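Student: generate a structure from the sequence data that follows.
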Amino acid sequence: MNYRDSGQHSLVYRSEVMEGDEIQTSADSYLWIFLYDGTLVRLAPKSSITFKEINILADKIFWHARVNLGNVLWLNRSTSVLKEQTLRQTDQIFFPLSLYDANPLVRDTSMTLEEYLFSDNILTEQPYQQANWLIEKNNKWINKVSEVFLVLPNASIHGLELSIDTYVGLGQANYFKVRDEIELGLLSPKVREFKYNLRGFANEEISEGSSGFWYEVPASAREANQISTPPEFSLNELITKRIPSIYHAREIMLDNYSRFIFKDLSVDELAKDYGIRKWNQDELSKRVDFLWTFMRRLETSNLVVASRYRESLLEKYNLKDDNVIRSEYYTLAYDRYMKDGEAGRENIYVPKLNSEKKKRWQIMHGIRTRKQTKEDIRKAYYEEVKLDSGISQP
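Tutor: From the prediction side, this is the model:
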């Protein structure tokens, strides 16, 4: 559900999200949001995020957002390619993707058994290869880094190129983790540094955090403690551990929709053509300094109200208090992953009904069975590289 001003509407594939919108998921609903800089945002069931602002600089894109409730993953786009793996993809609940070109290619069921067993030239497109080729291609025109100021009720987090996993409860403890790039499966991981502050009208301390560790911020929001990873967090992280087709879709959308944001446009061009104000670094530094103070004071006031509001609701409607860490964030996605089992390892699609064998049905459901050989894929890739950079094919 998308809340804009005083109205609301349901989201579907390619729905537009604007600055100031609040996005909320209902029970058993999962959502991936593509941002113009290539950042991906994933919402688990009963979760909510508000996109406060986006600011464009000559060398940077700045995001200010607030996680209101639930489990939200803020996933930065890295210029590093993905480490290729043979294990199957983990976020099976989104297959087939509505963006058909990003779906894994499946073997054509018309091939003979002899071809399947003995031919060296029959090959399905590998999702990691396809994603990596597009990442390298798009990297040639990506000239800005992403900076995020992510607000939780109990803490604010700020840094460059961060991937942040968060759990938020109303008037309860908050949990956050800046994911290590090794965990993200990147071939050339980098160490990401970030800063965070907590709550309190007089608490001006800004602390430095370490990636790869979970932080617990109690309801009082006066301290943050590193904790060992709860089992529920590990299960939920598994769902987004291997998602090359999601990354593939991101790169396609980045190429289709985001080139304008990386162009070297003047202040007037950006304003007249796209209605966006171009910031400079001095303005952004002052903005971040303001946000540290303003959001701390605002959220400190909200904490008292949220705690009382939660208690009154529980008492009024005789409700059971939900834990911040709860299984409904991952149960449906994990069940789908386990249900698919080994069928997803080689991406083999076997039609069960006559209607499923029809080309129109396959197109409607994102089933691609175009066969390619290793040589075809390699030639196509080097042809693209040669056109872009003049590199000859080995």
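
Student: alpha carbons only for contacts and neighbour counts from here, please
Tutor: OK.

Student: chain center to the longest helix along the chain, what's the gap?
Tutor: Longest helix in the chain by number of residues (criterion: DSSP state H): helix 281-317. The chain centre lies 24 Å from the centre of helix 281-317; the measure is C-alpha atoms, centre = their mean, to the nearest Å.

Student: name the helices or strands packed onto it?
Tutor: Applying 3 or more C-alpha pairs under 8 Å, 6 or more residues apart in numbering; DSSP states H and E, one finds that helix 281-317 makes contact with strand 156-160.

Student: buried stuff in the strand it packs on?
Tutor: Using 16 or more other C-alpha atoms under 10 Å as the test for burial, strand 156-160 gives 156-160.

Student: CSV for the residues you listed, including distance to V72 and pLDDT?
Tutor: Shown next, in CSV, are those (distance: C-alpha to C-alpha, whole Å; pLDDT from 0 to 100):
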residue, distance to V72, pLDDT
S156, 14, 98
I157, 14, 98
H158, 16, 98
G159, 17, 97
L160, 18, 96
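
Student: okay, domains of the chain per the record?
Tutor: Here the domain assignment for the chain is 2-86+143-334, 92-137+346-389, based on automatic domain parsing.

Student: which of those has the highest mean neighbour count?
Tutor: When the domains of the chain are scored by mean count of other C-alpha atoms under 10 Å, the highest mean neighbour count falls to domain 2-86+143-334 (a mean of 17).

Student: check the separation of the first and last residues in that one.
Tutor: Length of domain 2-86+143-334, first residue to last, C-alpha to C-alpha, to the nearest Å: 26 Å.

Student: go on, stretch 258-270?
Tutor: In stretch 258-270, first residue to last residue: 14 Å (C-alpha to C-alpha).

Student: now it, how far from the chain's geometric center?
Tutor: With C-alpha atoms, centre = their mean, you get 24 Å for stretch 258-270.

Student: same check, this time on stretch 232-242
Tutor: 13 Å.

Student: with stretch 179-199 instead?
Tutor: Remark: stretch 179-199 is offset 14 Å from the chain centroid, using C-alpha atoms, centre = their mean.

Student: whatever helix or strand K137 lives in - what's its average pLDDT?
Tutor: In this assignment (DSSP states H and E), K137 forms part of helix 127-139. If you average the pLDDT over helix 127-139, you get 91.

Student: likewise stretch 224-239?
Tutor: On average, stretch 224-239 scores 92.

Student: kindly report the same for stretch 47-54.
Tutor: Mean predicted confidence for stretch 47-54 is 95.

Student: pull the CA atoms of that stretch into PDB?
Tutor: Output in PDB follows, covering the C-alpha atoms of stretch 47-54 (Å, rounded to 0.1, in the frame of the first residue of the first chain):
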ATOM      1  CA  SER A  47       6.500  -3.400   7.400                       C
ATOM      2  CA  SER A  48       6.600   0.200   6.500                       C
ATOM      3  CA  ILE A  49       9.100   2.800   5.200                       C
ATOM      4  CA  THR A  50       8.800   6.500   4.300                       C
ATOM      5  CA  PHE A  51      11.000   8.100   1.700                       C
ATOM      6  CA  LYS A  52      11.700  11.500   3.100                       C
ATOM      7  CA  GLU A  53      13.900  13.100   0.500                       C
ATOM      8  CA  ILE A  54      16.400  12.500  -2.400                       C
END
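
Student: no further questions, thank you.
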